[in-house]
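1. Provide a 3D model corresponding to the input given below.
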Amino acid sequence: MVLGRQWNLTKRKTMKTTIKSLGAVILGGGLFISGCAKKQMTSFQSLKNPEVAARLKSFVAEKEAQANAATNQMPSEFKSFFNAAAKGDWLTVSNAFVEFRKHAGQYDHSGKTDERLRGTAWQAVLETWGALDAFGEGDEKYSAAYGNDIIDSIPPGSIYFGGTDPGRFLITAMQKSHVNGDPFFTLTQNALADSTYLEYLHGMYGAKIYTPTDENSKKCFQDYMKDAQERVQKHQLKQGENVTVGADGKLQVSGQIAVMEINGLLAKVVFDKNPDREFFIEESFPLDWMYPYLEPHGLIMKINRQPLSELSEEIVRKDHEYWSDYVKPMIGGWLNDDTPVEQVAAFAKKTFGKQDFAGFTGDPRFIQNDYAHKTFSKLRSSQAGLYAWRLKQAADMSEKERMARAADFAFRQAWALCPDSPEAIFRYVNLLMEQKRVADALVVAETAAQMPANQGKDGGQIRGLVEQLKKFQKAK
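-> Next comes the predicted model:
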């Protein structure tokens, strides 16, 4: 039984491709929606860590200079935006960005599209907003840890794909120089099908690494269309992949699945054309071609140059130990291999649900900040997804059992870090259903449905999942 999945991607519409027949959207950020968390930063002076404040100031200055260099006369709205950003004035920055979104072509809006909201200057604005968003909505301690710990894990000269908003924007902000690729080159896989983003990358990195060209983009689109046509005939389209035959008999594709497939092909071009570079990824949406090459690497994943026949005992052990140590200050050290689903559910109801911290050995600040617990849950859920994929590929029973244990442990951690995360919930429930653990799957779904974030219309998906599982259980 495979349940409908929610990959925890942003709802915003994003950059249109140059291929007119695509008519689809690109997922530019890939994680949650800001706006519901308690504001953490009002200015750079309000940040407790002077090193973080200095890094953000330097980043804003770099991005403003990049925007200025890309245009003969920067729009006055951009100037005002950067003036506010230079002070760390998150409220003004946030309000300005809300207005930009009403006219930016990559977002759903009813107003007139402003063509100035594309290209290098716009990318600089977008990345500046994303960086300050991490500290305006997120908790300074955890946003800084996220950025610094990922950066410290990546060797100099590497190429890094950052998919979600934090995975892209926090790294661009906290690394020494995003523009100069110091200490490594940061790209987002989610925008590779957008010609203006490719122009931005080429202008920034083209002299140092290979970045996809328009020809690469056209070929990847053609390759995807050919593959999609074959799969249409075989009834092998992916869930949510919108492929239809128009009145003229030509194939038409739309939707996030199709665009991410094309983004995935372009990411493969970057990988293949830079054979001397090491690669790392923070996943927003699973890219099928990558799975054989991936292994957990601290908070993120490494893309090995050659496919791995398996994830060794050593890889799994190090990953297990790393995350056990990492989450202990956040949620406490109670979760281990033998922790049952019911205990995770009880923890979620007590801490996230009732905000009851009696006997809690973690950090209440982490529990109370949406941005923080969503970001780290997403990281662990992605790694759990890798183990789940390996489970399906395993040839012998012992390997299947080993990957099942690793996947279950990682999913329980991801769920404990954010009990209302649709991605962690749906992916974990799918794993449990594949193992015929219907009762555990129902515990996960019912607990998630009780979380404050899933009350009202926002919890419709989860409540639907609960009903689906109850019907399945009753029919057995």
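
2. only C-alpha atoms from now on, for both contacts and neighbour counts.
-> Noted.

3. hmm, who's touching the helix or strand containing Glu127?
-> Using DSSP states H and E, Glu127 falls within helix 120-136. Helix 120-136 is touched from outside by 34, 39-42, 56, 59-60, 63-64, 66-68, 70-71, 74, 78, 81-82, 85, 88, 90, 93-94, 97, 116, 140, 143, 165-166, 169-170, 172-173, 196-197, 199-200, 371, with contacts defined as Cα atoms under 8 Å, 6 or more residues apart in numbering.

4. PyMOL command for the buried members of those residues?
-> Selection of buried members from the contacts of helix 120-136 for PyMOL, criterion 16 or more other Cα atoms under 10 Å:
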select buried, resi 39+40+41+42+56+59+60+63+64+66+67+68+70+78+81+82+85+88+90+93+94+97+116+140+143+165+166+169+170+172+173+196+197+199+200+371
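
5. so which of the contacts of helix 120-136 belong to helices?
-> Among the contacts of helix 120-136, DSSP state H puts 56, 59-60, 63-64, 66-68, 78, 81-82, 85, 90, 93-94, 97, 140, 143, 165, 172-173, 196-197, 199-200, 371 in helices.

6. just the pLDDT for Gly206.
-> Per-residue confidence (pLDDT) for Gly206: 96.

7. that one - how many residues pack around it?
-> 14 (other Cα atoms under 10 Å).

8. any idea how far it lies from Ala267?
-> 15 Å (Cα to Cα, to the nearest Å).

9. for the nearest residue to Glu401 once chain neighbours are set aside, what are its contacts?
-> Spatial nearest neighbour of Glu401, chain neighbours left out: Leu391 (7.8 Å); criterion: Cα to Cα, 6 or more residues apart in numbering. By Cα under 8 Å, 6+ apart, the contact list for Leu391 reads 399-401, 403-404.

10. what about Leu391, distance to Ala414?
-> Distance, Leu391 to Ala414, using Cα to Cα: 18 Å.

11. same check on Gly353?
-> 16 Å.

12. of those two, which one has the most company?
-> Ala414 (28 against 19).

13. my read: the more buried one touches Ser377, true?
-> Yes - the criterion here is Cα atoms under 8 Å, and Ala414 meets it with Ser377 at 4.5 Å.

14. in the helix or strand containing Trp323, what counts as buried?
-> Trp323 is part of helix 313-331 when elements are defined by DSSP H and E. For helix 313-331, the neighbour count (16+ other Cα under 10 Å) marks 316, 319-320, 324, 327, 330-331 as buried.

15. what's in contact with that helix?
-> 295-298, 333-336, 360-364, 366-367, 406, 416-417.

16. mean confidence score for it?
-> Helix 313-331 comes out at a mean pLDDT of 98.

17. how distant is that helix from the center of its chain?
-> Put simply, helix 313-331 sits 20 Å off its chain's centre (Cα atoms, centre = their mean, to the nearest Å).

18. go through the contacts of helix 313-331 and flag which are in helices.
-> Short answer: the contacts of helix 313-331 in helices (DSSP H) are 364, 366-367, 406, 416-417.

19. okay, the contacts of Leu391 in JSON lines with neighbour count, secondary structure and distance to Gly246 next?
-> Converted to JSON lines, the contacts of Leu391 look like this (neighbours: other Cα atoms under 10 Å; DSSP: H, G, I helix; E, B strand; the rest coil; distance: Cα to Cα, whole Å):
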{"residue": "Glu399", "neighbour count": "16", "secondary structure": "helix", "distance to Gly246": "46"}
{"residue": "Lys400", "neighbour count": "18", "secondary structure": "helix", "distance to Gly246": "43"}
{"residue": "Glu401", "neighbour count": "13", "secondary structure": "helix", "distance to Gly246": "46"}
{"residue": "Met403", "neighbour count": "25", "secondary structure": "helix", "distance to Gly246": "43"}
{"residue": "Ala404", "neighbour count": "22", "secondary structure": "helix", "distance to Gly246": "43"}
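
20. between those residues, which is closest to Glu283?
-> Met403 (19.5 Å; Cα to Cα).

21. which non-adjacent residue is nearest the closest one?
-> Leu391 (5.1 Å).

22. quick check: which element contains that neighbour?
-> Judged by DSSP H and E, Leu391 forms part of helix 370-393.

23. helix/strand/coil for the residue in the chain sticking out farthest from the centre?
-> In the chain, the residue that sits farthest from the middle, by Cα atoms, centre = their mean, is Asp248; the gap is 37.1 Å. Following DSSP: H, G, I helix; E, B strand; the rest coil, Asp248 is assigned to coil.

24. read off the pLDDT value for it.
-> Note for Asp248: predicted pLDDT of 77.

25. and stretch 45-52, which residues are buried?
-> 47, 52.

26. okay, now the domains of this protein?
-> 8-308, 313-475 (automatic domain parsing).

27. between these, which has the poorest mean confidence score?
-> When I compare the domains of the chain, domain 8-308 is least confident, with a mean of 86.

28. quick one: distance of it to the chain centre.
-> 10 Å.

29. kindly reformat the ones in helices among the contacts of helix 313-331 as a markdown table containing distance to Ile151.
-> Putting these into a markdown table (distance: Cα to Cα, whole Å) gives the following:
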| residue | distance to Ile151 |
| --- | --- |
| Pro364 | 26 |
| Phe366 | 21 |
| Ile367 | 24 |
| Ala406 | 25 |
| Ala416 | 25 |
| Leu417 | 22 |
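
30. any idea which element Ala448 lies in?
-> Using DSSP H and E, Ala448 maps to helix 438-449.

31. ok, residues contacting that helix?
-> Against helix 438-449 from outside (Cα under 8 Å, 6+ apart): 341-342, 345, 348-349, 419-420, 425, 428-429, 432-433, 454-455, 459, 462-463, 465-466, 469-470, 473.

32. what ranges do the strands span in the stretch 101-250 of the chain?
-> Residue ranges of the strands in the stretch 101-250 of the chain, as given by DSSP state E, counting those that start in this stretch, are 159-162, 185-187, 242-245.

33. save those strands as TSV, and put in mean neighbour count and distance to Val259 too.
-> TSV is the format used below for the strands of the stretch 101-250 of the chain (neighbours: other Cα atoms under 10 Å; distance: least, Cα to Cα, whole Å):
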stretch	mean neighbour count	distance to Val259
strand 159-162	24	16
strand 185-187	26	17
strand 242-245	16	10
